[in-house]
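> Sequence and predicted model, in that order:
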Amino acid sequence: MPELPEVETVRRGLQPAMEGSKILKAEARRKDLRFPFQKDFIARLEGQTITGLGRRAKYLMADLNSGDVLLMHLGMSGSFRVLKQEGAATPGQFHHPRSDDRAHDHVVFHMSSGAAVVFNDPRRFGYMKIIARKAIEDEPLLKRLGPEPLGNEFDATILARSCHNKKTSLKAALLDQRVVAGLGNIYVCEVLFRSHLSPRRLAATLATKKAEPTDHAKRVVDAIHSVLNQAIKAGGSSISDHRLTNGDLGYFQHSFQVYDREGETCRTSGCEGIVRRFTQNGRSTFWCPKCQK
């Protein structure tokens, strides 16, 4: 599943082709992806100008001049390809290559910019939905999302309040989209490693009894900012099926300090511990038991 850096990288890759351009023609080549397309899906898109292309957590959001918003989720294997006269590009750099099978090209936007933007999704776990902007706050897919981790409102105080009295592990709390939006397994492992905190630690230890942030909370927030900004700059992690819109595979995976490094010597200076892996809430957790406490 793509995480925040992957989606943000895709957004930036699509922006030149879509933002400020009119959708001259839209194609939905099947009746559904993960969910059925709305009956008026095409009608609400054609002739509309995309006034802004944003992101909320792991969702892409295209604002239309009609007052609607096109909500898009990549799912597990979805990718966008930008076709121009000079060739194709696929925004998002990731670890396992995206599909090149045109049989899985399910949605196409023909833009006044001269580009055709193609959504390809072999597994069909992605989805698209059109929502009225005025109803966006009540949209079930969005209403329970926590703060954006790179937003101005997210800090150690906010994180501590969310984790106060939580009985779950710290890793589980950071994966909870109600606590902070957009983080996934890969980046949470990296954040905890760089914070020198155990994934098994209770989330409540980020807050005092008065729900004020501890030093641990400050370290976690600093690590979140550092890891996500580094990943976005590098073009996403590319651990699964994701690419940049230019088709290149990503390279942030080469900067992983702990993820997928089971059995390797810990990269923390002076530690010399060994990276271990265990299953936590159904997902692989990579950590160094020696320096993550």
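Alright, I've got the coordinates.
> how far out from the middle of the chain is the strand or helix carrying residue 171?
According to DSSP states H and E, residue 171 maps onto helix 170-175. Its chain's average C-alpha position is 16 Å from that of helix 170-175, according to CA atoms, centre = their mean, to the nearest Å.
> Average the pLDDT values over it and round to the nearest integer.
The average pLDDT within helix 170-175 is 98.
> got the buried residues for it?
For helix 170-175, the neighbour count (16 or more other CB atoms under 10 Å) marks 170-175 as buried. Glycine gets a C-beta too; all of them are placed from N, C-alpha and C.
> Break down the stretch 51-200 of the chain into its strands, ranges please.
Ranges of strands within the stretch 51-200 of the chain are 59-64, 68-73, 79-84, 87-89, 105-111, 116-120, 127-132, based on DSSP state E, counting those that start in this stretch.
> hang on, the earlier thing: which strands and helices lie in contact with the helix holding residue 171?
helix 156-163, helix 185-195 (3 or more CB pairs under 8 Å, 6 or more residues apart in numbering; DSSP states H and E).
> Put the alpha carbons of it into PDB.
Output in PDB follows, covering the C-alpha atoms of helix 170-175 (Å, rounded to 0.1, in the frame of the first residue of the first chain):
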ATOM      1  CA  LEU A 170       3.700   2.800  19.900                       C
ATOM      2  CA  LYS A 171       3.900   1.200  16.500                       C
ATOM      3  CA  ALA A 172       0.200   0.400  16.400                       C
ATOM      4  CA  ALA A 173      -0.600   4.000  17.400                       C
ATOM      5  CA  LEU A 174       1.500   5.500  14.700                       C
ATOM      6  CA  LEU A 175      -0.200   3.300  12.100                       C
END
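> And the helices and strands packed on helix 170-175: which comes nearest residue 40?
Closest approach to residue 40 among these (CB to CB): helix 185-195, 36.5 Å.
> now the helices for the stretch 1-150 of the chain?
4-18 (DSSP state H, counting those that start in this stretch).
> All set, thanks.
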